[in-house]
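Participant: Everything below, folded, please.
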Amino acid sequence: MNTDPVDWESLAAEGFPFPEGVAPALIAEGLSDLLVAADPEVRDARAYTALARWSREGHLDATLEQLGDTAAERFTHPAVQARAFAPLVLRCVLDRAGAVAGLVPETSVRHWYADFASWYPSERDTRGWDDSLGWLHAVAHGADAAAAFARRLPEERPGLLDLCARRMTAPHTDYRYAQLEDARLARAVTGILLAPGLTAEQAAGWLSVVTAALEGGGPGPVPPWAFNTFATLQALHLHLVRGLAEGGVPPHAGHVADRVAAVLRLLCGWLA
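Facilitator: Numbering: from 1, shown residues only. Below you'll find the model as predicted:
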């Protein structure tokens, strides 16, 4: 017999009205349980959709820390879908915590950031899509979380840029970005660069990680990590030139774009 106090299937069919008369802690626990489901209909179309809406509307304010703690613990979960959706949960929690001061203590945010920083560049299953599991998107979801952490912990922005660089250059992958991971990473980096306060060197310093990874490359086929890196840098150059619809062009965009172009010339020597 189903003892879940929430009828998730009915809520989805009705457009996700917030369930009244159920303790918020039970709702948060139910959402967390569903967010590890192997069924993408349960995990993505129901649990994540409900989480994103209800957190934005403030229905989960009393349980944000609980949701964040559970998500951070899942960076070491054996199931890839659990690890890959953990950063999406943190992004929702961080965005709501940023909108309403005092909902989440900074000590918790820093604890989550440490767990995220340990996981993001080391995740080995970086597939965007799986025919059985549906969307996984660890790289893209992690990029979204990185941008959210930058908004909550602005002093960590240089470290977050380094994390993004280490993610795109991680050699332990045989997956070539096929589901717009390069664009999502470029958007995150641009978003991290948008906030004022970074020096020009801090804004571009992370590219030394990329340059070091590419040095010494020889003849032969382009390995997946190098393809991913060049694809991301190409997308980033466009983002820096055009800017974001919300936020515009970052400070030091021209300086960073020039440094990006210098790296791209390592492969595309014909660039001006």
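Participant: which SSE is Pro196 in?
Facilitator: Secondary structure assigned from DSSP states H and E places Pro196 in neither a helix nor a strand.
Participant: For it, which residues are in contact?
Facilitator: Pro196 sits next to Pro251 when contact means Cβ atoms under 8 Å, 6 or more residues apart in numbering. Yep, even glycine has a C-beta here, placed from its N, CA and C like the rest.
Participant: Can you tell me the SS state at the spatially closest residue to Leu133 that is not a sequence neighbour?
Facilitator: Nearest in space to Leu133, with sequence neighbours left out and distances taken as Cβ to Cβ, 6 or more residues apart in numbering, is Gln81 at 5.3 Å. For Gln81, the assignment made with DSSP: H, G, I helix; E, B strand; the rest coil gives helix.
Participant: just the helices in the stretch 1-150 of the chain please.
Facilitator: Along the stretch 1-150 of the chain, counting by DSSP state H, counting those that start in this stretch, helices occupy 8-13, 24-34, 40, 49-57, 64-73, 80-99, 106-119, 138-152.
Participant: so which of the ones you listed is the most packed in?
Facilitator: Mean neighbour count (mean count of other Cβ atoms under 10 Å) peaks for helix 138-152 among the helices of the stretch 1-150 of the chain, with a mean of 25.
Participant: Residues contacting that helix, please?
Facilitator: Outside helix 138-152, the residues that touch it by Cβ under 8 Å, 6+ apart are 80, 83-85, 87-88, 90-91, 94-95, 97-98, 109, 112-113, 116, 119-120, 123, 125-128, 156-157, 160, 163-164, 167, 177, 179-181, 184-185, 187-188, 191-192, 195.
Participant: What's the first helix or strand after that helix?
Facilitator: Per DSSP H and E, the first helix or strand lying C-terminal to helix 138-152 is helix 157-168.
Participant: so how far is that following helix from its chain's centroid?
Facilitator: Centroid separation for helix 157-168 versus its chain: 12 Å, with Cα atoms, centre = their mean, to the nearest Å.
Participant: tell me the angle the helix or strand that it is followed by makes with helix 138-152.
Facilitator: Counting by DSSP H and E, the next helix or strand C-terminal to helix 157-168 is helix 181-194. Going by axes from the mean of the first three to the mean of the last three Cα atoms, to 10 degrees, helix 181-194 is angled at 10 degrees with respect to helix 138-152.
Participant: and helix 181-194, C-alpha only, in CSV?
Facilitator: Extracted in CSV, the C-alpha atoms of helix 181-194 (Å, rounded to 0.1, in the frame of the first residue of the first chain):
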residue,chain,number,x,y,z
GLU,A,181,27.1,21.3,-22.5
ASP,A,182,29.6,23.7,-24.0
ALA,A,183,27.0,26.5,-24.2
ARG,A,184,25.8,25.8,-20.6
LEU,A,185,29.4,26.0,-19.3
ALA,A,186,30.0,29.2,-21.3
ARG,A,187,26.9,30.7,-19.9
ALA,A,188,28.0,29.9,-16.4
VAL,A,189,31.5,31.3,-16.9
THR,A,190,30.0,34.5,-18.3
GLY,A,191,27.6,34.7,-15.4
ILE,A,192,30.5,34.3,-12.9
LEU,A,193,32.4,37.1,-14.7
LEU,A,194,29.4,39.5,-14.7
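Participant: From the contact counts, what lies against it?
Facilitator: With contacts taken as 3 or more Cβ pairs under 8 Å, 6 or more residues apart in numbering; DSSP states H and E, helix 181-194 sits against helix 138-152, helix 157-168, helix 224-242.
Participant: Just the mean pLDDT for it, thanks.
Facilitator: For helix 181-194, the mean pLDDT works out to 98.
Participant: who's in contact with it?
Facilitator: If you take Cβ under 8 Å, 6+ apart as the criterion, helix 181-194 is touched by 126, 128, 137, 139-140, 143-144, 146-147, 150, 157, 160-161, 164, 167-168, 203, 228, 231-232, 234-236, 238-240, 243-244, 247-248, 250-253, 256.
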